[in-house]
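A.B. asks: build the 3D model from these lines:
(one chain, ligands or ions: 1)
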Amino acid sequence: MDNKKLDQLRRKLDEIDEHIISLIAERQFNVEQIGNVKLSTNSPTRDYQREKQVIDKIRDHATGQGLDPEVAQHIFELIIETSLSKQEIQKVRQSGYGANKSALIIGGNGKMGQWFAQFLSSQHFDVFINDLEPFSNQDNFIADISQIELSHDYIIVATPIQKSAEILIELCDLQPSGIVLDISSIKSPLRLPLRQLADSGCRVVSIHPMFGPDIQLMSGKHVVFIDMGNEEAVNQVKQLFQPTMAERIDMKFEDHDRLIAYVLGLSHVVNIAFMTVLSESGEAADALAQLSSTTFDAQLNIAGNVSAENPNLYFEIQKLNHYSPSTLNALSDAVQRIIQMVHQNNQTAFVNIMTQARKYMNQRT
Ligand SMILES: O=C(O)C(=O)C[C@]1(C(=O)O)C=C[C@@H](O)C=C1
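C.D. replies: Now for the predicted structure:
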């Protein structure tokens, strides 16, 4: 094919792409209108039945046009996710729950701190930030919390875990009038500080948002709530997430770290170990990527994301959880057993553990 023809076809493709984008933008405009109707009629943001209808129609239409329905579905799942994200933001803004209320975020310039600042500002909270250093021109910055009256409706402790323990103790003396909440990934180092703060007469709630600061949409995400002896305060903290689609989970303090040792601890280590093996393999990343298989691609994607996270926080998540050693020993043991099975040519045992894994997955509702 000569270059002229290729250029011509590509120009046509550019036009089509622009057209697709314009249509998506038009769809998004409509989605916003639907969002407004939902808000005025107090209807839930997500409508699974309608989503299924949209996807079914798209699949049919794609098939009729000679396109792969799977591809069409993928594209539309992404588009619907964008719709939901837009409508969730609309709902959070419209809730106005933070009007005439204030929040102080200790560690507010860290990643999760910034996420909370943005989240609460969008609910019209008057947000104040305390951290080691201000960002430039940060007029809501409070350098020393011991020098001000702590009359904020919510105080969020979003510092590294060990630091959070110190801050909770400091708050016992400062006696804030609002609800104090920590967002730590590991709770046992905070057991005594949280207890002490509650015993000093403060309202305290421990929460764990099960997502990182880059989150776009809270549908399908979870926020864990731990009652530290004040149910009313828990409900008030849940109120912050009420306009979102995040699922709110109640958990006992005692259960948190044991479960998190699997959900965060184990999954982090598997991925860090995977990347350690690759990065020490002597094989070029590009060479492996060229050969990639579906499983490798998916695994590399997750492990790559894990590697990009804050290593100090990830170390704390291992080190400060009393349950980590037993979970990691179980992992090491599983790897050793698999090595043995292969070494001893024990196919039956290998098939058995894979069957056991499949059964475990099938138990999920
Ligand atoms: O139809 C709606 O209710 C919409 O908000 C639109 C839309 C979509 O993008 O198609 C988005 C979210 C809903 O869960 C269902 C469908």
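A.B. asks: residue in the stretch 151-300 of the chain nearest to the ligand?
C.D. replies: Taking C-beta to the nearest ligand atom, the ligand has its nearest neighbour within the stretch 151-300 of the chain at S219, 8.7 Å off. In short, each C-beta sits where N, CA and C put it, glycine included.
A.B. asks: ok, now how distant is the closest residue to G113 other than its chain neighbours from G66?
C.D. replies: Spatial nearest neighbour of G113, excluding adjacent residues (C-beta to C-beta, 6 or more residues apart in numbering): A158 at 3.9 Å. Distance, A158 to G66, by C-beta to C-beta, to the nearest Å: 52 Å.
A.B. asks: looking at these two, which is more packed in?
C.D. replies: A158 (29 against 6; other C-beta atoms under 10 Å).
A.B. asks: who touches stretch 28-38?
C.D. replies: S43, P44, T45, T82, S83, K86, Q87, Q90, K91 (C-beta atoms under 8 Å, 6 or more residues apart in numbering).
A.B. asks: what's the answer for stretch 339-350, then?
C.D. replies: The contact list for stretch 339-350 (C-beta under 8 Å, 6+ apart) reads R337, I338, I353.
A.B. asks: what residues sit buried inside it?
C.D. replies: By 16 or more other C-beta atoms under 10 Å, the buried positions in stretch 339-350 come out as M341, F350.
A.B. asks: now stretch 294-312
C.D. replies: Q299, L300, A303, V306, S307.
A.B. asks: from the residues you listed, which land in helices?
C.D. replies: Q299, L300, A303, V306, S307 (DSSP state H).
A.B. asks: which ones are touching the first one?
C.D. replies: This points to Q299. Contacts of Q299 (C-beta under 8 Å, 6+ apart): N271, F274.
A.B. asks: one more time with 10 Å
C.D. replies: V270, N271, F274, M275, L278, S292, S293 (C-beta atoms under 10 Å, 6 or more residues apart in numbering).
A.B. asks: distance check, the closest residue to the third one other than its chain neighbours against the ligand.
C.D. replies: When the adjacent residues along the chain are set aside, F274 lies closest to A303, with 4.7 Å between them (C-beta to C-beta, 6+ apart). In this structure, A303 and the ligand are 32 Å apart, going by C-beta to the nearest ligand atom, to the nearest Å.
A.B. asks: hang on, isn't A303 packed against T295?
C.D. replies: No. Counting by C-beta atoms under 10 Å, A303 does not reach T295; the two are 11.9 Å apart.
A.B. asks: quick one: the helices in the stretch 201-350 of the chain?
C.D. replies: Using DSSP state H, counting those that start in this stretch, the helices of the stretch 201-350 of the chain run over 231-241, 253-260, 267-279, 285-290, 294-307, 311-319, 324-343, 347-362.
A.B. asks: on that earlier part again, skipping its backbone neighbours, what lies nearest the residue of the stretch 151-300 of the chain closest to the ligand in space?
C.D. replies: Leaving aside its sequence neighbours, S219 sits nearest to M245 (C-beta to C-beta, 6+ apart; 3.8 Å).
A.B. asks: tell me the contacts of that neighbour?
C.D. replies: 44-46, 84-85, 87-88, 91, 217-221 are the contacts of M245 under C-beta under 10 Å, 6+ apart.
A.B. asks: any chance of the residues you listed in CSV, plus neighbour count and pLDDT?
C.D. replies: Below are the contacts of M245 laid out as CSV (neighbours: other C-beta atoms under 10 Å; pLDDT from 0 to 100):
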residue, neighbour count, pLDDT
P44, 10, 91
T45, 20, 92
R46, 17, 92
L84, 22, 95
S85, 18, 93
Q87, 23, 95
E88, 21, 93
K91, 18, 93
L217, 19, 86
M218, 21, 89
S219, 16, 88
G220, 12, 88
K221, 16, 94
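A.B. asks: in the stretch 51-200 of the chain, what residue lies closest to the ligand?
C.D. replies: S83 (3.3 Å).
A.B. asks: can you name the helix or strand that the nearest residue to that residue once chain neighbours are set aside falls in?
C.D. replies: Leaving out its chain neighbours, the residue that sits closest to S83 by C-beta to C-beta, 6+ apart is V31, at 4.2 Å. Per DSSP states H and E, V31 falls inside helix 3-40.
A.B. asks: ok, G108 - how many residues close by?
C.D. replies: Residues near G108, counting by other C-beta under 10 Å: 28.
A.B. asks: also I226?
C.D. replies: 23.
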